[in-house]
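> give me the fold of what follows.
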Amino acid sequence: MSRFSFRLQKVLDLKQRAAQAAAMQLATAHARANNARQALETLSSIRQAGGAQLAAAHSEHATAGQLQNIAYVLERMDQRLDQAEEVVQVAAAQVDGAQSDMTLAQQSKRALDRLRDRQLGDWHDGMRHVDRELMDSLALTLFTRKAPQRQGET
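Sure, this is the predicted structure:
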């Protein structure tokens, strides 16, 4: 009996590796996006604390220099928040891109998997047909060998 051989097995293996690589890229992109979101949340909480400090300084007898210093720090924090939001948006776009890459890689791999399964099924059908023909020829040979003996008996 011959062994099943899928002619596109190397391509299927390459598609499998590409799908795994895409999944790893997606996981990395998710991790970067989560880190960027956490950094944004941290900066946002620091900014809120700075706003509270400015409000407290206004209610107290603070000098103009102190108020200017706090205002400058808050302005810089706002700039950092804007940058962090951009980083979060870029990371989200990378996640979307990695997700679509993984989807495409898995679709092409599934197509080859289905082709391989269909060819394997056809190969099994062919092998069953060969087995049936072999068994039929064996039965026919045994029948023809025993036919003269049966004629002699009657």
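> low pLDDT regions in the protein?
Residues of the chain meeting the criterion pLDDT under 70: 1, 150, 152-154.
> do you have the helices of it handy? List them.
9-59, 64-153 (DSSP state H).
> out of those helices, the one nearest residue 3 is which?
helix 64-153 (9.4 Å; CB to CB). Placement of C-beta: from N, CA and C, glycine included.
> just want the angle from that closest one to helix 9-59.
160 degrees (axes from the mean of the first three to the mean of the last three CA atoms, to 10 degrees).
> now helix 64-153, how far from the centre of its chain.
9 Å (CA atoms, centre = their mean, to the nearest Å).
> against which helices or strands is it packed?
helix 9-59 (3 or more CB pairs under 8 Å, 6 or more residues apart in numbering; DSSP states H and E).
> make CSV out of the helices of the chain and add mean neighbour count and distance to residue 3.
Converted to CSV, those look like this (neighbours: other CB atoms under 10 Å; distance: least, CB to CB, whole Å):
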stretch, mean neighbour count, distance to residue 3
helix 9-59, 14, 12
helix 64-153, 13, 9
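> okay if I get these as CSV plus distance to residue 2?
Formatted as CSV, the helices of the chain follow (distance: least, CB to CB, whole Å):
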stretch, distance to residue 2
helix 9-59, 15
helix 64-153, 8
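> list the contacts of the nearest residue in space to residue 21 that is not next to it in sequence.
Spatially, and ignoring its direct neighbours in sequence, residue 21 is nearest to residue 105 (7.8 Å; CB to CB, 6 or more residues apart in numbering). Going by CB atoms under 8 Å, 6 or more residues apart in numbering, residue 105 touches 15, 18-19, 21-22.
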